[in-house]
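Trainee: Build me a model from this:
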Amino acid sequence: MDKLLYVSMSGAKQNLIGISMNANNLANTRTAGFRSDFEQQRSMQAFGEGLPTRVFAMTERPGSNMDHGSISTTGRDLDIAVSGRGWLAVQDKQGDEAYTREGNLQITNDGMLTTAKGTPIIGENGPIIIPLPIEKVEIAGDGTITVRPQGAPANFLEVVDRIKLIEPPTDGALTKGADGLFRSKESILSNELCSFCEASPNIGIVSGALEMSNVNPVDEMVQMISHQRQYELQIKMMTKAEEVDKSQDQLLRIV
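Mentor: Numbers count the residues shown, from 1 in each chain. Predicted coordinates for the structure are as follows:
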């Protein structure tokens, strides 16, 4: 009886985890450059003292959906959309290099170019610093950033830096971290810069546009409803296990 209870208990717990993953995808439906997460469940053997006679359910994230989102034209100078398989290089909180497709950039009061979440954008010489004050900023198709300083003639443009753009060889070469940024699986294993993490001349950007999230709200809602139905089924199994246990107890008393 405890086997039935154990399976249903672990299954209900993992269904709740699956619902939270679907909810996170839905919450980022309008997040620029967001890649939705896949989720799946599988049975796992429970090892411990004695024989491994128990099996439990486990939810895992096998990867992220790397399909491109739609391109939305904004006309804003600091909005960019990365073309093809390219990624923007950014600096995470630990000072390491990570990657994102989030192109709604901003300039801080200190002149640092960051994403909307405040993550610094990396250029050819590290994090990009814009010399303030400026009247205009332009980002070319190859990632080159030019600015017109405040008070300068209309035809005076100064090159500041060039955004680092990389080109992973395959969709599976990057993995998403807990902070939503992607990192090279190769660099995670070796603790060194990966072989494809150098700036690629083949990647370009579209200025004045944003790549939107690739989340499909309908699919996520269907998956969420499915998890809820499975959760209800697991709860019914737990209740049934309790009823059977009570029936066995009554039989033992009769005997």
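Trainee: can you map out the strands along the stretch 151-255 of the chain?
Mentor: If you assign secondary structure with DSSP state E, counting those that start in this stretch, the strands in the stretch 151-255 of the chain sit at 158-162, 165-166, 174-176, 182-184, 205-207, 209-211.
Trainee: and residue 251, which of those is closest to it?
Mentor: Within the strands of the stretch 151-255 of the chain, the stretch nearest residue 251 is strand 174-176; the backing value is 52.6 Å (CB to CB). Backbone N, C-alpha and C define where each C-beta goes, glycine included.
Trainee: low-confidence ranges in the stretch 101-250 of the chain?
Mentor: Applying pLDDT under 70 to the predicted model, the residue ranges of the stretch 101-250 of the chain that meet it are 189-192.
Trainee: ok, back up a step: same list (the strands of the stretch 151-255 of the chain) but as TSV, adding mean neighbour count.
Mentor: Supplementary listing: these in TSV, determined by neighbours: other CB atoms under 10 Å:
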stretch	mean neighbour count
strand 158-162	15
strand 165-166	23
strand 174-176	19
strand 182-184	21
strand 205-207	19
strand 209-211	21
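Trainee: Which of those strands sits closest to residue 18?
Mentor: Smallest distance to residue 18 across the strands of the stretch 151-255 of the chain (CB to CB): 16.8 Å, for strand 174-176.
Trainee: how far out from the middle of the chain is the closest one?
Mentor: Its chain's average C-alpha position is 8 Å from that of strand 174-176, according to CA atoms, centre = their mean, to the nearest Å.
Trainee: ok, residue 109 - how many residues close by?
Mentor: Residue 109 is surrounded by 6 other residues when neighbours are defined as other CB atoms under 10 Å.
Trainee: What separation is there between it and residue 118?
Mentor: With distances defined as CB to CB, to the nearest Å, the gap from residue 109 to residue 118 amounts to 12 Å.
Trainee: Could you count how many residues lie near residue 137?
Mentor: 17.
Trainee: and the spatially closest residue to it that is not a sequence neighbour, backbone torsions?
Mentor: Counting by CB to CB, 6 or more residues apart in numbering, residue 147 is the residue found nearest to residue 137 once chain neighbours are left out, at 4.9 Å. The main-chain torsion angles of residue 147 are listed as degrees, to the nearest 10 and equal phi -130, psi 160.
Trainee: If anything else comes up later, I'll come back, but that's it for now.
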